[in-house]
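S.K.: my questions concern the predicted model and sequence given below.
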Amino acid sequence: GNSVTQMEGPVTLSEEAFLTINCTYTATGYPSLFWYVQYPGEGLQLLLKATKADDKGSNKGFEATYRKETTSFHLEKGSVQVSDSAVYFCALSEGGGSNYKLTFGKGTLLTVNP
Amino acid sequence: EAQVTQNPRYLITVTGKKLTVTCSQNMNHEYMSWYRQDPGLGLRQIYYSMNVEVTDKGDVPEGYKVSRKEKRNFPLILESPSPNQTSLYFCASSGTSGFFKQYFGPGTRLTVT
């Protein structure tokens, strides 16, 4: 079956530090890959996505590149802010273009200190 | 405003007392889904629905039921709740245009004693 493995947290950084959250996946076909973010007390929001190999998803200064050869989709940001403190989930979806099933990683808690 | 709503947001109940968590979306989405979120386990899919009267099991369906009689609503039913169903529950929906984006509700925190 499909699975997503992301780095264990929590991750604590100072403001303006560089962020990397590792994500690797196992899938039988050609999945689409996502990063979702969950701010305290809220539901999940889509942060970025990539639908095929070598695609780069980006949003709000975050980036992730779909690497088929290493089955990875690492999340990066060059300079984090306090407002980036949240839980980040890597996820994949298969289904011939439909996203009827998302498989999530366990989440990584990021805390950014001023 | 496009949104997914869930009710109640918080619920404390006792073992065996049937309960329903409602989910409604105002975006005319075909697809809806329920997840539970547990510490150290992330989100796991319980059930999903591709359209009215079409539902299927996710990864952890045991102890839950769903129905999809109307496009906008997708209630989650616990016929006989048990303490291991204490969790944070999220409903999500998406359409077929921009279909990679799922919209999540705010969550329902359920405690079963």
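M.R.: Great, that's in hand.

S.K.: find the centremost residue of chain A, please.
M.R.: Closest to where the C-alpha atoms of chain A average out (Cα atoms, centre = their mean) is A:Trp35, at 3.1 Å.

S.K.: and the residue nearest to A:Ser58 when sequence neighbours are not counted, what does it touch?
M.R.: With sequence-adjacent residues excluded and distances taken as Cβ to Cβ, 6 or more residues apart in numbering or on different chains, A:Ser58 is closest to A:Leu48, at 5.9 Å. No exception for glycine: its C-beta is placed from N, CA and C like everyone else's. Counting by Cβ atoms under 8 Å, 6 or more residues apart in numbering or on different chains, A:Leu48 makes contact with A:34-35, A:57-59, A:62-64.

S.K.: how about those residues in a markdown table, adding distance to B:Thr113?
M.R.: A markdown table is the format used below for the contacts of A:Leu48 (distance: Cβ to Cβ, whole Å):
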| residue | distance to B:Thr113 |
| --- | --- |
| A:Phe34 | 35 |
| A:Trp35 | 36 |
| A:Gly57 | 42 |
| A:Ser58 | 45 |
| A:Asn59 | 41 |
| A:Phe62 | 40 |
| A:Glu63 | 45 |
| A:Ala64 | 41 |
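
S.K.: weed out the non-buried ones from the residues you listed.
M.R.: A:34-35, A:57, A:62-64 (16 or more other Cβ atoms under 10 Å in any protein chain shown).

S.K.: near chain B, which residues of chain A?
M.R.: By Cβ under 8 Å from any Cβ of the partner chain, the residues of chain A that approach chain B are A:32, A:34, A:41-46, A:49, A:51, A:89, A:93, A:97-107.

S.K.: at 7 Å instead, please
M.R.: For chain A, the residues in contact with chain B (Cβ under 7 Å from any Cβ of the partner chain) are A:32, A:42-44, A:46, A:49, A:51, A:89, A:98-102, A:104-107.

S.K.: from these, which land in strands?
M.R.: A:32, A:44, A:46, A:49, A:89, A:101-102, A:104 (DSSP state E).

S.K.: Produce a PyMOL select command limited to the buried residues of those.
M.R.: PyMOL command restricting those to the buried ones, with burial defined by 16+ other Cβ under 10 Å:
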select buried, chain A and resi 32+44+46+49+89+101+102+104
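
S.K.: so which one among the ones in strands among the residues of chain A next to chain B has the lowest pLDDT?
M.R.: Minimum pLDDT across these is recorded for A:Lys101, with 73.

S.K.: I figured that one hits B:Arg44, correct?
M.R.: No - using Cβ atoms under 7 Å as the test, A:Lys101 is too far from B:Arg44 to be in contact (11.1 Å).

S.K.: one step back: which of the buried ones among the contacts of A:Leu48 lies closest to chain B?
M.R.: Lowest distance from chain B to the buried ones among the contacts of A:Leu48 (Cβ to the nearest Cβ) belongs to A:Phe34, with 7.2 Å.

S.K.: ok, residues contacting whatever helix or strand the closest one lives in?
M.R.: Assigned by DSSP states H and E, A:Phe34 belongs to strand A:32-38. For strand A:32-38, the surrounding residues in contact (Cβ atoms under 7 Å, 6 or more residues apart in numbering or on different chains) are A:25, A:44-51, A:64, A:66, A:73, A:75, A:86-93, A:99, B:100.
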